[in-house]
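**Q** Requesting a structural model of the entry that follows:
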Amino acid sequence: MKNIFTKTIAASAVLASAGLANAELVRIDFNELTPGVTVKDQYAGVQIRLLGAGLDAGPVTRAISDSDYLGANGIAIRPSPELEVNGDGPWYDLHFIFDDPTEFFSILALDAEEPVSATAYLGKEKVAVMGYRGGSNYQVWDLTFGEVGGDMLFDRVIVDLVNGGDGWSPGPEIFDNLRFTRNAVPTPGAVTLLASSGLLAMRRRRIEA
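**A** Here you go, the predicted model:
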């Protein structure tokens with residue numbers, strides 16, 4: 001079975017059951033960047049960081065071949081602060097932090113011969129987890145949470161580069177085609193739930209600042 005698991009956390013399902021309306025789907029393929037650029041705050045609505053590599057560390061862009069990875073081409077991101085393509089890292093988990101709660105997230109994990117997993121959070125609460133087994137050198141896995149117009153809410157995603165065991169380095173080493181929704185208007189039920197979780201107050205403080 002290709003997909004190891006996809007699980008919604010029951011404790012957070014209540015918080016995430018109201019949904020957003022009129023969300024804008026953001027599509028980021030990183031192709032306007034050049035190889036060797038550190039990606040952090042270039043894109044509205046999301047910050048991208050390397051978890052554990054320091055507060056200001058982000059992944060680095062690298063070029064990929066159009067024919068190597070199904071559904072991805074041009075420029076992708078490498079979960080390392082270094083561009084050295086043939087090196088062994090260092091590798092770090094990817095942390096996607098959204099300005100406001102979102103209902104949908106997707107990114108392609110490329111070169112996925114190693115296992116990979118991801119966790120979605122709303123505040124400090126886990127909303128859902130999912131993952132894939134290792135594949136081939138050119139394996140592509142789609143890491144997805146929620147759906148556009150759906151009823152799941154989360155404000156950050158951590159992609160965990162799972163260590164596959166002895167003889168395996170953490171991976172996958174390349175990611176591309178980030179998708180998420182932003183500027184969504186909470187439905188009445190979502191306003192109540194977001195306020196109860198403290199996220200609505202945080203959002204208001206950010207707007208007023």
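
**Q** Show me the strands in the chain, by range?
**A** 3-8, 20-21, 24-28, 46-51, 60-64, 74-78, 93-102, 104-110, 116-122, 125-132, 141-146, 154-160, 174-182, 185-186 (DSSP state E).

**Q** Now tabulate those in CSV and tack on mean pLDDT.
**A** Supplementary listing: these in CSV, determined by pLDDT from 0 to 100:
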stretch, mean pLDDT
strand 3-8, 68
strand 20-21, 58
strand 24-28, 95
strand 46-51, 95
strand 60-64, 92
strand 74-78, 94
strand 93-102, 95
strand 104-110, 95
strand 116-122, 96
strand 125-132, 95
strand 141-146, 96
strand 154-160, 96
strand 174-182, 95
strand 185-186, 58
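
**Q** Between those, which one is closest to Lys40.
**A** Lys40 sits nearest to strand 46-51 of all these, at 6.1 Å, using Cβ to Cβ. Just so you know, the C-beta spots here come from the backbone N, C-alpha and C atoms, and that holds for glycine as well.

**Q** neighbouring contacts of that closest one?
**A** With Cβ atoms under 8 Å, 6 or more residues apart in numbering as the test, strand 46-51 has contacts from 26, 28, 39-41, 55, 57-59, 77, 79-81, 92-99, 158, 178, 180, 182.

**Q** Could you save the strands of the chain as TSV and add columns showing distance to Thr34 and mean neighbour count?
**A** Shown next, in TSV, are the strands of the chain (distance: least, Cβ to Cβ, whole Å; neighbours: other Cβ atoms under 10 Å):
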stretch	distance to Thr34	mean neighbour count
strand 3-8	34	13
strand 20-21	34	19
strand 24-28	15	14
strand 46-51	17	20
strand 60-64	7	19
strand 74-78	7	22
strand 93-102	20	21
strand 104-110	19	24
strand 116-122	26	22
strand 125-132	30	20
strand 141-146	25	20
strand 154-160	23	21
strand 174-182	15	22
strand 185-186	36	16
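
**Q** Pro35: which of those is closest?
**A** strand 60-64 (5.0 Å).

**Q** what's next to that closest one, contact-wise?
**A** Residues from elsewhere that reach strand 60-64 (Cβ under 8 Å, 6+ apart): 30, 33-39, 72-78, 80-83, 85, 110, 174, 176.

**Q** what angle sits between it and strand 74-78?
**A** Put simply, strand 60-64 runs at 140 degrees to strand 74-78, going by axes from the mean of the first three to the mean of the last three Cα atoms, to 10 degrees.

**Q** Send me strand 60-64 as PDB with only the CA atoms.
**A** Taking C-alpha atoms only, strand 60-64 is exported to PDB below (Å, rounded to 0.1, in the frame of the first residue of the first chain):
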ATOM      1  CA  VAL A  60      17.500  26.400  -0.900                       C
ATOM      2  CA  THR A  61      16.300  26.300  -4.500                       C
ATOM      3  CA  ARG A  62      17.700  24.000  -7.100                       C
ATOM      4  CA  ALA A  63      17.000  23.300 -10.800                       C
ATOM      5  CA  ILE A  64      15.300  20.000 -11.800                       C
END
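
**Q** Please verify my assumption that Phe105 contacts Phe180.
**A** Yes: counting by Cβ atoms under 8 Å, Phe105 does reach Phe180; the two are 4.9 Å apart.
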